[in-house]
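Visitor: Provided below are the primary sequence and the corresponding predicted coordinates.
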Amino acid sequence: MKIASFNINGVKARLPRLLEWLVETRPKVACLQEVKSQDEGFPAEEFEKIGYHAIWHGQKSFNGVAILADGVKPIETRRGLPKLNDSDPDDDHARYLEAEVDGVRVACIYLPNGNPQPGPKFDYKLAWMERLRARMRELWALEVPCAVVGDYNVIPHDNDVWAPKAMADDALMQPASRDAYMRLLGDGWTDALRTMNPRGGVWTYWDYQAGAWQRDHGFRIDHMLLSPELADRLVAAGVDKDYRGREKASDHAPVWFEISA
């Protein structure tokens, strides 16, 4: 079983590239971020034509997540993250969607960027990560095969970026961001891509500006965290880097992992 994640950076703008990738690589589950489409405008019928069923959580012009499954309908289990306290403000960002597909619980996330930092956007990022951790603890307690995948907007290690100094002041590399990510690993979740590439040097994102793609100036912010029930079955993980170089591509490349039956 192959589960993938792809920050598509606009599902309508990248639809030809997205359909191309789905047909050519055929993941069983594909989690999308930055869909940037309201619910009524999501092109579900285009995915159905190639055999994929979808659920989605949209938002006008920003954010948005979706889960596609090959040949089966994802069974939605949660939309949005719960508050930690009754006093927490309502959060209308479309950043979290969770479903069950063939006995595997899959959560698709688009974690806040947090820039500029310091400031309210960075505070929101850290608070969102606390809410994510709380939900992941609930998933852990279910003792079911589970993956929490998507754009985490965190560069965990210095060897996850082409030049640490170039990103030193960015919210993606702040100690607080990294610590929040490491707490998830400390809770027992397995970073699938890191497990298969322990030396780092694997990028999932290249900016459109300054020739970042052509110069391979990228970094790793798309992650796939697996519960023990899935981590024990992990056989492969990688990045479909070539798709970043195609015409009108997203600034992210798809990431994926495979598990044994």
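Guide: Thanks, I have it.
Visitor: now for Phe42: which residues touch it?
Guide: Shown in contact with Phe42 (CB atoms under 8 Å, 6 or more residues apart in numbering): 11, 35, 54, 56, 58, 66. For the C-beta atoms, the positions are set from N, CA and C on the backbone; glycine is no exception.
Visitor: actually Gly245, not the one I wrote
Guide: Contacts of Gly245 (CB under 8 Å, 6+ apart): Trp213.
Visitor: who wins on neighbours among the contacts of Phe42?
Guide: Highest neighbour count within the contacts of Phe42: Val35, with 29 neighbours (other CB atoms under 10 Å).
Visitor: could you measure from that residue over to Arg95?
Guide: According to CB to CB, to the nearest Å, Val35 stands 11 Å off from Arg95.
Visitor: list residues touching both of those two?
Guide: Each of 63, 65 lies in contact with both Val35 and Arg95 under the rule CB under 8 Å, 6+ apart.
Visitor: what sits opposite the spatially most central residue of the chain in the beta ladder?
Guide: For the chain, the residue nearest the mean C-alpha position is Gly150 (0.6 Å; CA atoms, centre = their mean). For Gly150, the beta-bridge partners are Ile109, His223 (DSSP bridges).
Visitor: residues in contact with it?
Guide: By CB under 8 Å, 6+ apart, the residues touching Gly150 are 5, 7, 31, 33, 65, 107-111, 222-223.
Visitor: how about Gln117?
Guide: 169-171, 174.
Visitor: so which residues of the stretch 151-261 of the chain form helices?
Guide: For the stretch 151-261 of the chain, applying DSSP state H, counting those that start in this stretch gives helices covering 175-186, 192-196, 228-231.
Visitor: before we move on, what about the stretch 1-150 of the chain?
Guide: 15-25, 44-48, 120-142.
Visitor: relative to Gly238, which of those helices is closest?
Guide: Among those, the nearest to Gly238 by CB to CB is helix 15-25 (10.4 Å).
Visitor: give me the buried positions along that closest one.
Guide: Buried residues in helix 15-25, counting neighbours by 16 or more other CB atoms under 10 Å, are found at 17-19, 21-22.
Visitor: quick check: the farthest pair among those?
Guide: Spatial extent of the buried residues of helix 15-25 (CB to CB) is set by the pair Arg17 and Leu22 at 9.8 Å.
Visitor: where does pLDDT dip in the protein?
Guide: 87, 89 (pLDDT under 70).
Visitor: can I get the helices of the stretch 151-261 of the chain in CSV with distance to Leu81 and mean neighbour count?
Guide: Listed next are those as CSV, based on distance: least, CB to CB, whole Å; neighbours: other CB atoms under 10 Å:
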stretch, distance to Leu81, mean neighbour count
helix 175-186, 14, 16
helix 192-196, 22, 19
helix 228-231, 21, 19
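Visitor: all strands for this structure, in order.
Guide: For the chain, the strands defined by DSSP state E cover 2-7, 29-33, 52-57, 65-70, 75-79, 96-101, 104-110, 146-151, 190-191, 205-206, 218-219, 222-226, 234-239, 255-259.
Visitor: what packs against the second one?
Guide: The helices and strands touching strand 29-33, judged by 3 or more CB pairs under 8 Å, 6 or more residues apart in numbering; DSSP states H and E, are strand 2-7, strand 65-70, strand 104-110, strand 146-151.
Visitor: need the contacts of Phe42 in TSV with distance to Thr195, can you?
Guide: Below are those laid out as TSV (distance: CB to CB, whole Å):
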residue	distance to Thr195
Val11	29
Val35	28
Ala54	29
Trp56	29
Gly58	32
Ala66	26
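Visitor: for those, which one is nearest Lys165?
Guide: Nearest to Lys165 among the contacts of Phe42: Val35, at 33.1 Å, using CB to CB.
Visitor: leaving out the residues flanking it, which one is nearest to that closest one?
Guide: Nearest non-adjacent residue to Val35, counting by CB to CB, 6 or more residues apart in numbering: Gly64, 3.1 Å away.
Visitor: give the contact list for that neighbour.
Guide: The contact partners of Gly64, by CB under 8 Å, 6+ apart, come to 11, 32-37, 56-58, 94, 110.
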